[in-house]
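> Pasted the sequence and its predicted model underneath.
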Amino acid sequence: MIAGFIAYAGEIHEPAHLVDGGVLAQYAWLIPLVPLVLMFAIVFFGKRLPYKGWELAEASMLFVAIYGVALLVMNANEGITHEGSIEIARIGSYTIEWGWVVDGLSIMMYAVVGVVGLAVFTYAKGYMEGDSRYTWFFAAFTLFAGAMLVLVSSANMIQLLVGWELVGLASYLLIGHYWEDHSNNAAAIKAFLTNKIADVGLVIGVIIVGVTVGSFRFGDILSAVSAGDSALAQVAFWAGLALFIGAMGKSAQFPFHVWLPDAMAGPTPVSSLMHAATMVTAGVYLLGRMFPFYQSDLFAADVKTWIIIIGSITLFAMGLLALVQDDLKRVLAYSTVSQLGYMTVAMGAGAYTAGLFHLFTHAFFKGLLFLCAGSVIHAVHSNNMSDMGGLRKPMPWTYRTFLAGSLALAGIFPLAGFWSKDEILASISYDAGHGGGAIASVVLWIAIAGAFVTAFYMARAVYLTFFGEYQGQAHPHESPRVMTYPMIGLAGLSIVGGFVNVPGLFTGFTEWLAARPLPMGDHHAESIDFALAATGLLVALAGIAAGTRVWRRDAATQRERDRFRVPLLYPLLEHRYFVDDLYRVALTDPIKGPVARFIDWTNTYVIDAVVNAFGAVAKGLARVVYGGFDQRGIDFVVNAVAGGTNEAGEMLRRTTTGRVQQYAGALFGGAVLLVVGLLIFT
Amino acid sequence: MLVSQFLVLAALLFSIGVYGVLVRRNAVLVLLSIELMLTAVSINLVAFGAYLQDTLLSGQVFALFVITIAAAEVGIGLAIVVMIFRNRSSANLDELDLMRW
């Protein structure tokens, strides 16, 4: 095997000792709460503020970034593990809790979400300028980040599920932000439904594990794993598979990858955050959180075979798709799917550190690449690379940062991607020799081939966007500083981000992540495997060279070269392996038509009938009340009284003649009558 | 002295007054007829006062009141009649129906 002379640590890696973390850890529940509270503040008061709510969103991300980095520094100094819970409700023997966990894994996620979020939120101020739903956008965006923090801070599976669904909701709102265009709505619904289907797996897994262990807390579940709980061991394979299906949905693994490229319909900052820190990392995070469960032979170790297979299919097949896309954002989207495949493969190979390390570095350079893509799109008013070209000169900073991100993604020494990708390759190689068997050996070659593809499509993206002649109609110009500064910041992190984990020299990141209450049972490289690192680097350089060969020369015919067609393969890639078409023919159409017809029928013949019946009854009743009771009853009495009074007045008024002598006559006549009466009756 | 003679006189005067009020057209004559009726009442009061030997002389005192009120009434009545005559050049009660419905 390639990994001939690599030294590995023992199966169990434990930091020297762990501390509680003190006040900072006790108040970590503020991390998800502050963005959620500020989200409501933006909704209610945002429009009245000088920056229309952006400042509140930015403040929430600044808070998370500072808090996350402070915890990261503390954790680097002395491993922290802290868990807090507040009971919300009790159902039978189960407890619903709001919990927060502060350990190596969640601290890393807080820092990544905070730092990338801060950059993206700053950038979004420039990018979203003039948007008709500016305030609403930042409310939903803050919800998106807050939901992810609810997810990663969760100490139990129920809260994880809540955060998981909130992320789905926020992504739905943001992908469909430009809802005036029908296709954007369709993309939002597609993302939501694809995730929902996978979420069924997650819910089943949560129920199986929670009911078997008797608690939904990760702490209790992992203690049961550590103690070798036999009841959990019996259901472990199916529970593990179900949880992995949930992770596949959020992390866009084949065959649930279809939603992520369509999610490009949202504004570019959304894509950036979604692909870097929030949403798609959730699945990998879940695998990391449950890692001992998958790692232990007693439990779901068999699922790892599936994880590594799914991951390798995703990383290679989706990488190829990035080669034929004209939409710059879609190139990056398929690239993300492919990189998520790498992370999944690492998890499947039992490399906790490697998978999450790639998540960490990928967050910086993929966030950066999307911000650059947004900057370009902002300048040329088109997503398509056929409308770009030659942007190197008008947009120097976008070009430089995009190049840094591309080289980091391609895995060129010494940028961030090199270190994390190399660690993954080393992990697969180790796994091939320690229980992974033939599958891991094949996957290693696939992963190396994937590195070639990655470099190849990124070379294509760089050349088609920034080299040659400008093909579009607009007048491209560099973006404002509010957009370029976050890009430069993330570019810096993309360049140096990998040095936190250099095997054999400085393994800080490994120890940060190892700050967990129970041992992970993972394995990770203790020294650089020079042969494998050289192979990875050479393959990446070969990819760049091949990309240069195909797309660099002869600017005028670049578009022609882009259309070079390999028989069979090109149509296959162009139609995305027909997976979307298959879903449409096999799932969407058969369900959509009958369901729509049934609902239409129900609407017409059931709901409308009931409503009409109620209407008719009410109308008839009203007619009876009006005609019989009101008109003939009450009105008759009222009119009779008025009419009688009127008639009497008509008659009596005639006695008022105005003749004094008639009055006097009546007076005397009356007096006479009185006298006569008195005489008769006394 | 027979009280009945005074009563007959008063009754005659009162009847003449009633006749005048009901029949005469001229407003001045109607007012005069009312005076006749009041006079008849005064005669009755004085007559009964004398007949009953009232030490407080209440009959006579009442007669004085009636005369006072009659004077006031005639004063107002004649003033109204004069104003109507000036406005309408007539004091004929048959033409006076301003208060008709």
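Sure thing, it's come through.
> going forward, measure contacts and count neighbours with C-alpha atoms only.
OK.
> Nearest residue to residue A:153 in space, please, no chain neighbours.
Spatially, and ignoring its direct neighbours in sequence, residue A:153 is nearest to residue A:100 (4.9 Å; Cα to Cα, 6 or more residues apart in numbering or on different chains).
> Doesn't that neighbour lie inside a strand?
Yes: secondary structure of residue A:100 (DSSP: H, G, I helix; E, B strand; the rest coil): part of a strand.
> how near is it to chain B?
Look at residue A:100 and chain B: by Cα to the nearest Cα, to the nearest Å, they are 94 Å apart.
> Then residue A:327?
The value you get for residue A:327 to chain B, if Cα to the nearest Cα is used, is 96 Å.
> partners of the residue nearest to residue A:153 in the sheet?
Taking DSSP bridges as the rule, residue A:100 bridges to residue A:84.
> is it true that it touches residue A:87?
No: using Cα atoms under 8 Å, residue A:100 is not in contact with residue A:87, being 11.9 Å away.
> So for the two, which sits in the more crowded spot?
residue A:100 (29 against 10; other Cα atoms under 10 Å in any protein chain shown).
> what residues are up against that one?
By Cα atoms under 8 Å, 6 or more residues apart in numbering or on different chains, the contact set of residue A:100 is A:28-29, A:83-85, A:153-155.
> Contacts only, for residue A:402.
Applying Cα under 8 Å, 6+ apart to residue A:402 gives the contacts A:368-369, A:372, A:462.
> Chain B next: which of the residues you listed are close?
Among the contacts of residue A:402, proximity to chain B is found for none (Cα under 8 Å from any Cα of the partner chain).
> Tell me the one of the residues you listed nearest chain B?
residue A:372 (97.4 Å; Cα to the nearest Cα).
> Now name the helix or strand holding the closest one.
Counting by DSSP states H and E, the element that carries residue A:372 is helix A:352-380.
> Now do that helix, average pLDDT.
Mean per-residue pLDDT for helix A:352-380: 89.
> Please, where are all the strands along chain A?
A:18-19, A:79-80, A:82-91, A:94-102 (DSSP state E).
> and those strands, which one's lowest on average pLDDT?
Looking at those, the bottom one is strand A:18-19 with a mean of 76.
> Partner strands of that one and their direction?
Neighbouring strands of strand A:18-19 in its sheet, by DSSP bridges, are strand A:79-80 (parallel).
> longest helix anywhere in the chain?
Let's take chain A. Scanning chain A for the helix with the most residues, using DSSP state H, yields helix A:182-213.
> Can you look at chain B instead?
Under DSSP H, chain B gives helix B:58-88 as its longest helix.
> any chance of the contacts of residue A:100 in TSV, plus neighbour count?
Output for the contacts of residue A:100, formatted as TSV (neighbours: other Cα atoms under 10 Å in any protein chain shown):
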residue	neighbour count
A:28	24
A:29	21
A:83	19
A:84	17
A:85	16
A:153	28
A:154	29
A:155	27
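> how about the CA coordinates for stretch A:489-502, as CSV?
Provided in CSV are the C-alpha atoms of stretch A:489-502 (Å, rounded to 0.1, in the frame of the first residue of the first chain):
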residue,chain,number,x,y,z
GLY,A,489,-10.2,37.8,5.6
LEU,A,490,-11.4,34.4,4.6
ALA,A,491,-8.6,34.2,2.0
GLY,A,492,-6.2,34.7,4.9
LEU,A,493,-7.8,31.9,6.9
SER,A,494,-7.9,29.6,3.8
ILE,A,495,-4.2,30.1,3.4
VAL,A,496,-3.1,29.6,7.0
GLY,A,497,-6.1,27.5,8.3
GLY,A,498,-4.3,24.2,7.7
PHE,A,499,-1.4,24.9,10.0
VAL,A,500,-3.5,24.1,13.1
ASN,A,501,-3.0,20.4,12.4
VAL,A,502,0.3,19.4,10.9
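> could you give the mean pLDDT of that stretch?
86.
> Not counting that stretch itself, show me its contacts.
Contact partners of stretch A:489-502, identified using Cα under 8 Å, 6+ apart, comprise A:116, A:119, A:361, A:364-365, A:367-368, A:401, A:404-405, A:408, A:414-420, A:506-510, A:527-528.
> which of those are buried?
A:116, A:119, A:361, A:364-365, A:367-368, A:401, A:404-405, A:408, A:414-420, A:507-510, A:527-528 (16 or more other Cα atoms under 10 Å in any protein chain shown).
> what about the nearest residue to residue A:218 once chain neighbours are set aside, how many residues close to it?
Residue nearest to residue A:218 in three dimensions, not counting chain neighbours: residue A:156, with 5.3 Å by Cα to Cα, 6+ apart. Neighbour count of residue A:156, defined by other Cα under 10 Å: 25.
> Then residue A:214?
Residue A:214 sits with 15 neighbouring residues when counted by other Cα under 10 Å.
> That one touches residue A:91, doesn't it?
No: using Cα under 8 Å, residue A:214 is not in contact with residue A:91, being 11.9 Å away.
> hang on, residue A:371 packs against residue A:272?
Yes: with contacts counted by Cα under 8 Å, residue A:371 reaches residue A:272, the gap being 6.3 Å.
> Output the set of residues of chain A in proximity to chain B.
With Cα under 8 Å from any Cα as the criterion, chain A meets chain B at residues A:653-654, A:656-662, A:664-665.
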